[in-house]
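> Below is the structure, and that's it, no one-letter string:
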Ligand code: UD1
C-alpha cells in the first residue's frame with residue numbers, strides 16, 4: 001500500500017494550476033449517456049474516480065477514448081446494458097449518477113448501491129423520490145436499486161427536495177431532460193457543478209432553466225445530440241491550495257479559478273487575517289504577512305461554506321492561536337480527521353456535529369490515516385505545518401479526487417514523497 005511521507009517545514013511559495021473539477025466531470029460523463037452521438041469533454045482531470053466512471057460507462061456498452069491529455073470522447077450511442085454492476089458501482093458514490101440518464105434513455109436502470117467516502121449514511125432516497133415523481137416504478141433492495149419507466153416513458157412533474165442534495169438535483173435533472181412535459185425541481189441544490197451540468201445538457205439540446213437557483217425548470221425534449229464541453233475549475237482543489245498557503249504561512253498564486261466559486265473560503269480566510277486577493281493572473285493567497293486570529297465556520301449547501309473544505313480548514317485552525325468552532329451541518333459523520341489531528345498534537349473536542357478547536361500549539365509529525373478524500377488532504381496540510389515527519393496512509397482516497405497531488409505540492413516547495421510500503 002502506498003503512503004505519503006510529509007516533512008513539515010517552511011512556507012510554501014510559488015504558482016499552481018487548478019485542474020478540472022472532479023465533482024463536475026463525473027456528472028458530465030454520466031450525462032453523455034443521454035446523447036445519441038459522441039460527446040467531447042476537455043479539462044478532464046486524471047483521477048481514479050474518472051477511471052472508475054470510464055469503466056462503468058464502458059460496461060454499459062459505451063466507448064470512451066482518451067484523444068489527448070485531459071480530453072475524453074464518449075460515444076454512448078449504442079449502450080445496451082443499463083445495469084451498473086456491484087464491482088464497479090460500489091467503488092464510488094457518484095456511480096449512482098448513471099441511474100437518471102439510463103432511466104431516461106432506456107426506460108430501465110439497475111444500479112448497485114454506491115460506495116465512496118464513508119461520511120455518514122449518504123442515502124439516495126431523494127434521488128428515488130424524484131424518479132418516482134417522474135412516474136418510474138422503483139424497487140430498492142439492500143444492495144441495488146431498479147427503476148422502470150412506464151410504457152410511454154417518464155413524465156414531467158414537480159419534485160420538492162427535503163434537502164438540497166447535489167447528487168439528487170443532478171440525477172433528477174438528467175432523468176427529466178427526456179421526459180414528456182415540464183419538470184420543476186424545488187429546493188434544488190445550487191452548486192456550480194449543477195450549473196456546469198445544465199450548461200452541458202443544454203448544449204446537447206436540453207431545455208433547462210434556473211440551474212444555480214433553488215428552482216430548476218426542465219422542459220422535456222425528444223432526443224439529445226453530441227456536444228463539446230470544458231469542465232469548470234475545481235473549487236475544492238482551489239480551496240485546498242488556499243489553505244496550503246495559509247497553514248504554512250506561505251504565498252501561492254493560484255491559476256484557473258472562478259473567484260465566485262471560492263467566495264466563502266476567501267471570506268473566512270480573510271477573517272483570520274490571511275491575504276486573499278484577485279490578481280490578473282489568478283488568486284493570490286498569503287498567510288504570512290499578518291498575525292492570524294481564530295474564527296468559526298459552519299458548513300452549508302452552496303453558496304455557504306463547503307463541507308469539502310471543512311477538514312482542511314480545521315487543520316489550519318489548529319495552527320492559529322485561540323478558540324474556534326467548526327459546525328458541520330451537511331453530513332452527520334464528517335469529523336473522522338479529528339482523531340488523527342489530535343494524534344498530531346491538536347486540541348479538538350467533538351460534541352455532536354460541533355468541533356471545538358483550541359489552536360496554536362505546534363503540531364508534531366505522526367502516523368495518521370486518510371479516512372476519506374478531504375480528510376486525507378487535511379492531514380497532508382497538517383503534516384506540512386508540523387514538526388517532523390507525518391506518514392499518511394490510505395492515500396488512495398486522496399488520489400481518487402486530486403490530480404497530481406504530490407507533484408503540485410512539491411512544485412511549491414513542499415517536502416512530500418509518495419512511497420510504497
Ligand atoms: C456531492 C459531492 C461531495 C460533497 C457533497 C456536498 C460529488 C460527486 N460529490 O456529494 O463532494 O461533499 O455533494 O456538497 O459531487 N442526502 C439524503 N438523501 C439523498 C441524497 C443526499 O439524505 O437522497 C443527504 C446526504 O446524506 C448528506 C446531504 O444530503 O447528508 C448532502 O448530500 P448530497 O448533496 O447529495 O451530496 P453528494 O451529491 O453525495
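Cool, got the structure. This is a predicted model, so every value here is computed, not measured. Numbers count the residues shown, from 1 in each chain.

> tell me the contacts of residue 400?
Listed by CB atoms under 8 Å, 6 or more residues apart in numbering, the contact partners of residue 400 are 47, 48, 49, 92, 373. Using the backbone N, CA and C atoms, a C-beta is placed for each residue, glycine as well.

> State which one residue of the protein is found closest to the ligand.
Distances from the chain to the ligand, computed as CB to the nearest ligand atom, single out residue 167 as the nearest residue at 2.8 Å.

> Surely that residue is in a helix?
Yes - membership of residue 167 in a helix is supported by DSSP: H, G, I helix; E, B strand; the rest coil.

> picking that back up, can I get the contacts of residue 400 in CSV with pLDDT and distance to the ligand?
Formatted as CSV, the contacts of residue 400 follow (pLDDT from 0 to 100; distance: CB to the nearest ligand atom, whole Å):
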residue, pLDDT, distance to the ligand
47, 95, 11
48, 92, 13
49, 94, 8
92, 88, 8
373, 95, 8
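
> Of the residues you listed, keep whichever come out buried.
Burial of these was assessed by neighbour count (16 or more other CB atoms under 10 Å); the buried members are 47, 48, 49, 92, 373.

> could you dump these to TSV with secondary structure?
Output for these, formatted as TSV (three-state DSSP):
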residue	secondary structure
47	coil
48	helix
49	helix
92	coil
373	helix
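
> In terms of distance to residue 230, which of the residues you listed ranks first?
Distance to residue 230 across the buried ones among the contacts of residue 400 (CB to CB) is lowest for residue 47, with 16.5 Å.

> which ones are touching the closest one?
22, 399, 400, 401, 402, 403.

> Mind checking which of those are buried?
In terms of neighbour count (16+ other CB under 10 Å), the buried residues within the contacts of residue 47 are 22, 399, 400, 401, 402, 403.

> Which of these fall in strands?
Under the assignment DSSP state E, those contribute nothing to strands.

> can you pull out the helices in the stretch 251-400 of the chain?
Applying DSSP state H, counting those that start in this stretch to the stretch 251-400 of the chain gives helices spanning 263-272, 310-317, 336-343, 373-385, 396-401.

> quick one: the shortest one near the ligand?
To tie it back to what came earlier, the one meant is helix 396-401. No - contact check for helix 396-401 against the ligand, using CB under 6 Å from any ligand atom: none in range, with a minimum separation of 8.0 Å.

> Tell me how far the helix or strand just after that helix lies from the chain's centre.
Stepping forward along the backbone from helix 396-401, the first helix or strand reached (DSSP states H and E) is helix 405-411. Relative to its parent chain, helix 405-411 has a centroid offset of 20 Å by CA atoms, centre = their mean, to the nearest Å.
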